[in-house]
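Asker: the sequence isn't on hand, but the structure is:
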């Protein structure tokens with residue numbers, strides 16, 4: 001099915017609120033992404049903001065989370081569906097309990113602990129603090145992607161460099177935080193009273209209604225780890 005054309009950050013927020021889950025890039029479900037819904041002229045335009053510029057304001061809006069959430073690629077999950085999504089993706093574990101049960105690595109814990117200590121960190125600062133420098137730890141992208149997929153870490157904003165005229169330029173630098181920091185611990189754990197399988201089934205049934213022509217196997221491919 002076709003969704004509304006996106007021409008502003010507000011349009012994108014409205015669509016995420018409506019569908020609950022929305023990948024940023026085209027994927028195995030036709031027409032189900034920001035890329036599919038946004039006109040070509042808004043990508044990398046010098047005259048108007050487009051999807052790349054909208055990501056930061058939307059991430060800090062409180063309407064949703066943004067990060068690598070679908071098959072290791074970027075996308076949005078609405079605030080409404082975030083507790084069930086976290087319950088399912090975390091398999092009911094807080095991070096410390098996951099680590100204590102041997103289900104998370106020391107590298108995972110190092111990043112989570114550092115982000116929790118500081119509240120939010122730019123990726124370059126997080127790499128420095130966790131010794132992802134030359135000759136130090138390796139695999140930062142793998143670890144940070146896994147933690148986003150498990151919903152323990154999320155992108156809170158993007159920070160851009162500015163020229164001498166105060167104009168932003170270049171690629172935005174991701175600022176990482178935890179969903180608990182952004183939305184509160186009680187909210188993020190509000191679905192923990194249900195089995196993760198129950199949260200997963202709720203998400204699947206919802207997406208079947210949003211995507212009535214899509215087979216369940218493709219929905220599962222989108223939402224499963």
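Answerer: Looks like it arrived, so ask away. These figures come from a predicted structure and were not determined experimentally.

Asker: where do the helices sit along this structure?
Answerer: 9-19, 34-37, 51-59, 82-89, 95-100, 106-118, 123-129, 140-149, 179-183, 185-188, 196-210, 216-223 (DSSP state H).

Asker: check contacts around residue 150.
Answerer: Listed by Cβ atoms under 8 Å, 6 or more residues apart in numbering, the contact partners of residue 150 are 89, 90, 225. The way it works is simple: take the backbone N, C-alpha and C, and place the C-beta from them, glycine included.

Asker: with adjacent residues omitted, what lies nearest to the last one?
Answerer: So the one you mean is residue 225. residue 149 (5.9 Å; Cβ to Cβ, 6 or more residues apart in numbering).

Asker: quick revisit: export the contacts of residue 150 to TSV and tack on pLDDT, neighbour count and distance to residue 155?
Answerer: Converted to TSV, these look like this (pLDDT from 0 to 100; neighbours: other Cβ atoms under 10 Å; distance: Cβ to Cβ, whole Å):
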residue	pLDDT	neighbour count	distance to residue 155
89	98	23	16
90	98	22	18
225	86	10	18
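
Asker: and of these, the nearest to residue 214?
Answerer: residue 225 (19.4 Å; Cβ to Cβ).

Asker: got a pLDDT number for residue 165?
Answerer: As predicted, residue 165 sits at a pLDDT of 66.

Asker: who's in contact with the nearest residue to residue 68 once chain neighbours are set aside?
Answerer: Excluding its sequence neighbours, the residue lying closest to residue 68 (Cβ to Cβ, 6+ apart) is residue 148, at 4.4 Å. Residue 148 sits next to 67, 68, 69, 154, 155 when contact means Cβ under 8 Å, 6+ apart.

Asker: for the first one, give me the pLDDT.
Answerer: pLDDT recorded at residue 67 is 96.

Asker: surely it touches residue 154?
Answerer: Yes - Residue 67 is within contact range of residue 154, at 4.7 Å (criterion: Cβ atoms under 8 Å).

Asker: quick one on the thing from earlier: closest to residue 44 out of the helices of the chain?
Answerer: The nearest among those, by Cβ to Cβ, is helix 51-59 at 6.9 Å.
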